[in-house]
Every structure is written in structure tokens, then in C-alpha cells.
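Engineer: What would the 3D arrangement of this be:
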Amino acid sequence: MIWLSLLHSGNHTSGNWPGYYIAFVYIVWPVLVPLGILLLEKQIIRRLMIMVILLGGVNHAVLAQSYILPFHIIARIINACIAYGYVYPPHDAVFPYEVVTCGAFFCSSNRMIILLGCIFVFAYLITDYFYSYAATSVWCFFSALISGLIYWYFRRRDRGNV
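Structural biologist: Okay, the predicted model is just below:
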């Protein structure tokens, strides 16, 4: 929807769609990712480690919503990527965004989940190095592609192939 609004508005848009996207990225993902991994984990010690990251994600989401939701979000196309302009200074969060969205993968007892975490971190490092001006959208693009691996894993697991 953001791409469509950007294409129809002449390379610059603001308002609801960019705001919804940024809110989802910084408020929903920091909670949803560790929660999903927590629900898969069976070992108590690892569950406790993931719960710490989940609490950090909740802290991050609360801080992020207080900075992001009240402000105007701007999106524009730069070098075939979507770059967002928004206020985002929650340096007082328990864990940085990258830790709450990737850390739980490394607390898992499942090797495939850990491998997915490595792929997410690698995608983040590539994004930050080459596309720092549009890191939010590019890393989310890579994450969407990586999500296909998550689907593949659960499909194989449900068939008993993992």
C-alpha cells in the first residue's frame, strides 16, 4: 500500500499507511517475534531467557509507541527503496530493537530456529551496511523473504521431515 501511495503521490507520502507500517515494525514485532519463539520452546532455562527478551520487547514497544504514534510519519522513495522519516529516540529501552527482534532465535534449543536467527542477523548487517538510509524497509523486505523459510520449516516439521 505504501508503494502504491508513493507511486500515485509523486515519490512522497505521509499519513496513515507509513504510520501503520512503522507502528507495526516497532511496536508489534518486538513483542510478536520473541513470543512466537517462546511458544515453540520446551526447555525451561531457554524459555526463561526468551521471556527476558520478551519483556525487553514489551518495554521497547511501549517506549516506541510513545515516540512514534503521536508524530507524523513521512515516506519517500530513495534509490528504489522506501525511506521513512519519523521520531524514534527510545535509547532508554531495556534492549535495542535488533536484540528484541533477533535475540530470542539464539536462545532456542532448535537448530533451525538458531539458523533462522543467523540469517536474520546477516540480512540486518547487509541492510545496515548497504542501505542504512532505508534500513527499516529493506530489512523488512529481507525478513519477508526469510519468512518463506519459516513456512518451509513448519511445513516440513508437520510432515515429519525435520
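
Engineer: For L55, give its distance to A80.
Structural biologist: 38 Å (C-beta to C-beta, to the nearest Å). (Each C-beta comes from the backbone N, C-alpha and C, glycine too.)

Engineer: More neighbours: which of the two?
Structural biologist: L55 (15 against 6; other C-beta atoms under 10 Å).

Engineer: any idea where the strands of this protein begin and end?
Structural biologist: Assigned by DSSP state E, the strands in the chain fall at 12-14, 74-78, 81-85.

Engineer: tell me which strands and helices the last one is in contact with?
Structural biologist: Read it as strand 81-85. helix 2-9, helix 16-23, strand 74-78, helix 135-158 (3 or more C-beta pairs under 8 Å, 6 or more residues apart in numbering; DSSP states H and E).

Engineer: Go again with 6 Å.
Structural biologist: Applying 3 or more C-beta pairs under 6 Å, 6 or more residues apart in numbering; DSSP states H and E, we find strand 81-85 packed against strand 74-78, helix 135-158.

Engineer: Also the second one?
Structural biologist: Under the contact definition 3+ C-beta pairs under 6 Å, 6+ apart, strand 74-78 sits against strand 12-14, strand 81-85.

Engineer: which of the helices and strands packed on strand 81-85 sits most buried?
Structural biologist: Most buried of the helices and strands packed on strand 81-85, by mean neighbour count (mean count of other C-beta atoms under 10 Å): strand 74-78, with a mean of 18.

Engineer: and the angle from it to helix 2-9?
Structural biologist: For strand 74-78 against helix 2-9, the angle by axes from the mean of the first three to the mean of the last three C-alpha atoms, to 10 degrees is 80 degrees.

Engineer: what is the orientation angle of strand 74-78 with helix 16-23?
Structural biologist: Counting by the same axes, to 10 degrees, strand 74-78 lies at 90 degrees to helix 16-23.

Engineer: Restricting the selection to alpha carbons, write strand 74-78 to PDB.
Structural biologist: Extracted C-alpha coordinates of strand 74-78, given in PDB (Å, rounded to 0.1, in the frame of the first residue of the first chain):
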ATOM      1  CA  ILE A  74       6.800  10.500   6.100                       C
ATOM      2  CA  ALA A  75       7.800   8.000   3.400                       C
ATOM      3  CA  ARG A  76       9.600   8.700   0.200                       C
ATOM      4  CA  ILE A  77      11.500   6.700  -2.500                       C
ATOM      5  CA  ILE A  78      15.300   7.000  -2.400                       C
END
